[in-house]
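**Q** Turn this into a model:
(chains A, B, C and D)
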2 protein chains.
Amino acid sequence: MAVSNPLRTFFPDRVFAAGCPSRTVLDHVMSKWGLLVLLALGDGEPLRWSELRRRAEGVSEKMLAQTLRTLVADGFVVRDARPVVPPHVEYSLTPRGLELAALLNPLMVWVVENAPDILEDAAAS
Amino acid sequence: MAVSNPLRTFFPDRVFAAGCPSRTVLDHVMSKWGLLVLLALGDGEPLRWSELRRRAEGVSEKMLAQTLRTLVADGFVVRDARPVVPPHVEYSLTPRGLELAALLNPLMVWVVENAPDILEDAAAS
DNA sequence: CGGCATGCTTCCCAAAAGTTAGTACCCACT
DNA sequence: AGTGGGTACTAACTTTTGGGAAGCATGCCG
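**A** Residues are numbered from 1 along each chain as shown, chains lettered A, B, ... in the order given. Modelled structure (predicted):
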């Protein structure tokens, strides 16, 4: 029954402590918009602000700015601003961001494949 | 540069549409507490309310109730309530929940391993 | 000179999350 | 007899967060 779980190496008592650093990182990375930005940049191609806005459909400018600032500070994303007018800014993943995106991708694929069934269940209940 | 990305099968234009069913599922599953509950139940062992509260340290009773209701409705978790006094309720993962937890685990392991470095970068900026 | 394009920032309000208190139920102890 | 405690929630209230729309800086083009 009990699956061998590598997490136990880190959490022998299976308690996820409130002050744990991983909590903070999880909040940044698994946030609604953080996730979408990482996935949008996930294939390594740099994207501009307006392009990110288009791909993470529904994101407000405020949240996109906030999300990008967090991801840049955490070292997942690099911001490359060229001092031209009109401004030209490109965002792309760092090696760390690429590692994370590689883990996020299969998850997203699973979610996309199963989402219709899941919502059907949710609607039926 | 561009990594072969299976997500393109589902999102040829790489746009994550606002109304897409997967968005709803992502919001449920990647939410702060939803994630912790899924990880806590991830090894297949059923847990009681109070035990879940202990493991997802910091969760309020309101949010735990709300999170569990969502996860049950989505078919990730089963709620098994025995009509005894004091009440005894057990929560465990469905097969679907186990599939998802299996994808979440490597992600969590990566986050735990890298969290200290990431926060160090964040603090330095 | 006035409009436009781009990448943000600021302000205000609605929605979500957190906090605290209360409920139902029966048992055990005083 | 009554008091308190353990369990799993729910309800009312407050604080935090997120969304929407507008503003700003800059220079080019008509």
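**Q** Can you give me the end-to-end span of stretch A:44-58?
**A** 22 Å (C-alpha to C-alpha, to the nearest Å).
**Q** likewise stretch A:43-60?
**A** For stretch A:43-60, the separation between the terminal residues is 23 Å (C-alpha to C-alpha).
**Q** What of stretch A:74-85?
**A** Rule used - C-alpha to C-alpha; the end-to-end distance of stretch A:74-85 is 28 Å.
**Q** and it with DNA strand C, contact?
**A** Yes: Stretch A:74-85 comes into contact with DNA strand C (C-beta under 7 Å from any atom of the strand), by way of A:Arg79, A:Ala81, A:Val85. Quick note: C-beta positions are derived from backbone N, CA and C, even for glycine.
**Q** Does chain B have contacts with that stretch?
**A** Yes: using C-beta under 8 Å from any C-beta of the partner chain, stretch A:74-85 reaches chain B at A:Asp74, A:Gly75, A:Phe76.
**Q** Okay, and which of those residues map to strands?
**A** Judged by DSSP state E, strands contain none of those.
**Q** So which bits of chain A are right by DNA strand C?
**A** So far as C-beta under 7 Å from any atom of the strand goes, chain A lies against DNA strand C at A:48-50, A:61-62, A:65, A:68-69, A:79, A:81, A:85-89.
**Q** same for DNA strand D: which of these are within range?
**A** Within the set of the residues of chain A next to DNA strand C, contact with DNA strand D (C-beta under 7 Å from any atom of the strand) is found for A:Glu61, A:Lys62, A:Val85, A:Pro86, A:Pro87.
**Q** Scan the residues of chain A next to DNA strand C and report the most crowded one.
**A** Highest neighbour count within the residues of chain A next to DNA strand C: A:Leu68, with 20 neighbours (other C-beta atoms under 10 Å in any protein chain shown).
**Q** in a strand, that's where that one is, yeah?
**A** No: A:Leu68 is assigned helix when assessed by DSSP: H, G, I helix; E, B strand; the rest coil, not a strand.
**Q** and the helix or strand bottoming out on mean pLDDT in chain A, which residues are buried?
**A** Ranked by mean pLDDT, DSSP states H and E, the weakest helix or strand in chain A is helix A:7-10, scoring a mean of 84. By 16 or more other C-beta atoms under 10 Å in any protein chain shown, the buried positions in helix A:7-10 come out as A:Leu7.
**Q** same thing with stretch A:40-54?
**A** A:Ala40, A:Leu41, A:Gly42, A:Asp43, A:Glu45, A:Leu47, A:Trp49, A:Glu51, A:Leu52, A:Arg53, A:Arg54.
**Q** How much space separates the last one from A:Glu90?
**A** According to C-beta to C-beta, to the nearest Å, A:Arg54 and A:Glu90 sit 15 Å apart.
**Q** residues near A:Asn114, how many?
**A** A:Asn114 has 18 nearby residues by other C-beta under 10 Å.
**Q** Packing partners of the helix or strand hosting it?
**A** Element membership of A:Asn114 [criterion: DSSP states H and E] is helix A:95-124. For helix A:95-124, the elements it packs on are helix A:32-40, helix B:7-10, helix B:21-29, helix B:95-124, judged by 3 or more C-beta pairs under 8 Å, 6 or more residues apart in numbering or on different chains; DSSP states H and E.
**Q** How far off centre is the first one?
**A** Centre-to-centre, helix A:32-40 and its host chain are 4 Å apart (C-alpha atoms, centre = their mean, to the nearest Å).
**Q** and for that helix, what are the contacting residues?
**A** Helix A:32-40 has contacts (C-beta atoms under 8 Å, 6 or more residues apart in numbering or on different chains) with A:28-29, A:47, A:52, A:55-56, A:59, A:63-64, A:67-68, A:70-71, A:76-77, A:91, A:93, A:97, A:100-101, A:104-105, A:108, B:7, B:14, B:16, B:26-27, B:30.
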